[in-house]
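Enquirer: The sequence and its predicted three-dimensional model are supplied below.
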Amino acid sequence: MKLSKQEKAARRAAFQAMSLAGKAEYVFTYYKWPILLGLVALLVFGSAVQRQLAKKEPVLYLAFANVAVGEALEKELTDGFLRAIGANEKTQEVYLYRDLYLSDDADTLNHEYAYASKMKLIGAVSARKLDLVLMNREAYDLLSRSGYLLELSAPFFAEYPEMYERLLPNLSVNEVVLSDNGIEYQLGEAETHEVDTEQAQNAITVSGLPLFAHAGFPEEVYLGVIANSESLPACRQFVEHLSSLS
């Protein structure tokens, strides 16, 4: 119901005559929901702004597949690399995918985890948000056979010829599947199972590098570059950073 001018004036006069406690009680009684909703909206907006301001731009996307990296080594792979290339650590980062588990022989307990890790990795590659993978031999074999890894031949190191010579003993060769008629064979559409493969130099054995030598890895560890990476210059800088540390 719309109030008349006299009624509005009477209410204003009555409100002004109230004590401070009375005014607070009146406002809370009649306006608490608009006030609470306004505060919630303000809080949500403030949180969104804070998250946006704190958000960092990824310089590289790095995944750990079947390897556990200690705090000191992780710091060197992230903050140490950013300092080495002169990046701003407050606004830039090396984005990490930690604890990925890749396996074709996962037991019942780990099968769902392996599947979830595989989907996460495929999604990151498809979105072009994965550049490098630090991995054990099992993960290396799987990624190599699937064609996910870039061939690390001389053209990749064109800007760093000395680094290529230095890393040549550490470059690893693995199998890449070019074609596989396994599905057709299982469906009875092919008489024999035929797999066409080739060998590719597509990873760096980093276990022997000074930075990794005392990290306590129980087996060989490899670094691979994702074939569709859009940050190859930064990948080269990352490899140069790792290989130059003593």
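Expert: Perfect, I can see it now.
Enquirer: so residue 142 touches residue 105, yeah?
Expert: No. Using CB atoms under 8 Å, residue 142 makes no contact with residue 105, being 10.4 Å away. Every residue, glycine included, has its C-beta placed from N, CA and C.
Enquirer: Of the two, give the one with the bigger neighbour count.
Expert: Using other CB atoms under 10 Å as the criterion, residue 142 and residue 105 rank with residue 142 on top: 18 against 8.
Enquirer: For residue 16, give me the pLDDT.
Expert: On the pLDDT scale, residue 16 is placed at 70.
Enquirer: contacting residues around it?
Expert: Residue 16 makes no contacts at all, as judged by CB atoms under 8 Å, 6 or more residues apart in numbering.
Enquirer: Helix, strand, or coil at it?
Expert: helix (DSSP: H, G, I helix; E, B strand; the rest coil).
Enquirer: go on, residue 172?
Expert: strand.
Enquirer: Let me see the contact set for the closest residue to it other than its chain neighbours.
Expert: Among residues not flanking residue 172 along the chain, residue 203 sits closest, at 4.5 Å (CB to CB, 6 or more residues apart in numbering). For residue 203, the contact set (CB under 8 Å, 6+ apart) comprises 135, 140, 144, 149, 152, 171, 172, 174, 222, 223, 224.
Enquirer: did I read that right, residue 203 in a strand?
Expert: Yes. Under three-state DSSP, residue 203 sits within a strand.
Enquirer: In strands, which of the contacts of residue 203 appear?
Expert: Among those, the residues falling in strands (DSSP state E) are 135, 171, 172, 174, 222, 223, 224.
Enquirer: I'd like these laid out as CSV, including neighbour count.
Expert: Listed next are the ones in strands among the contacts of residue 203 as CSV, based on neighbours: other CB atoms under 10 Å:
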residue, neighbour count
135, 26
171, 15
172, 19
174, 19
222, 26
223, 26
224, 26
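Enquirer: Report the two members of these separated by the largest distance.
Expert: Farthest-apart pair in these is 135 and 171; separation 15.2 Å (CB to CB).
Enquirer: Which helix or strand contains the nearest residue to residue 85 once chain neighbours are set aside?
Expert: Nearest in space to residue 85, with sequence neighbours left out and distances taken as CB to CB, 6+ apart, is residue 237 at 5.3 Å. Using DSSP states H and E, residue 237 maps to helix 232-244.
Enquirer: chain center to that helix: distance?
Expert: 18 Å (CA atoms, centre = their mean, to the nearest Å).
Enquirer: Now do the buried residues in it.
Expert: 234, 235, 236, 237, 238, 239, 240, 241, 242, 243 (16 or more other CB atoms under 10 Å).
Enquirer: Check stretch 87-106 too.
Expert: Result for stretch 87-106 [16+ other CB under 10 Å]: buried residues 87, 93, 94, 95, 96, 97, 100, 101, 102, 103, 106.
Enquirer: now the residues you listed in a markdown table, with pLDDT, distance to residue 117 and secondary structure?
Expert: As requested, these are exported to a markdown table (pLDDT from 0 to 100; distance: CB to CB, whole Å; DSSP: H, G, I helix; E, B strand; the rest coil):
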| residue | pLDDT | distance to residue 117 | secondary structure |
| --- | --- | --- | --- |
| 87 | 94 | 28 | coil |
| 93 | 97 | 22 | strand |
| 94 | 97 | 19 | strand |
| 95 | 97 | 16 | strand |
| 96 | 97 | 14 | strand |
| 97 | 97 | 9 | strand |
| 100 | 96 | 4 | strand |
| 101 | 95 | 5 | coil |
| 102 | 94 | 6 | coil |
| 103 | 92 | 9 | coil |
| 106 | 65 | 9 | coil |
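Enquirer: Export those residues to JSON lines and append columns for distance to residue 77.
Expert: Below are these laid out as JSON lines (distance: CB to CB, whole Å):
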{"residue": "87", "distance to residue 77": "13"}
{"residue": "93", "distance to residue 77": "12"}
{"residue": "94", "distance to residue 77": "7"}
{"residue": "95", "distance to residue 77": "12"}
{"residue": "96", "distance to residue 77": "8"}
{"residue": "97", "distance to residue 77": "13"}
{"residue": "100", "distance to residue 77": "15"}
{"residue": "101", "distance to residue 77": "19"}
{"residue": "102", "distance to residue 77": "19"}
{"residue": "103", "distance to residue 77": "23"}
{"residue": "106", "distance to residue 77": "26"}
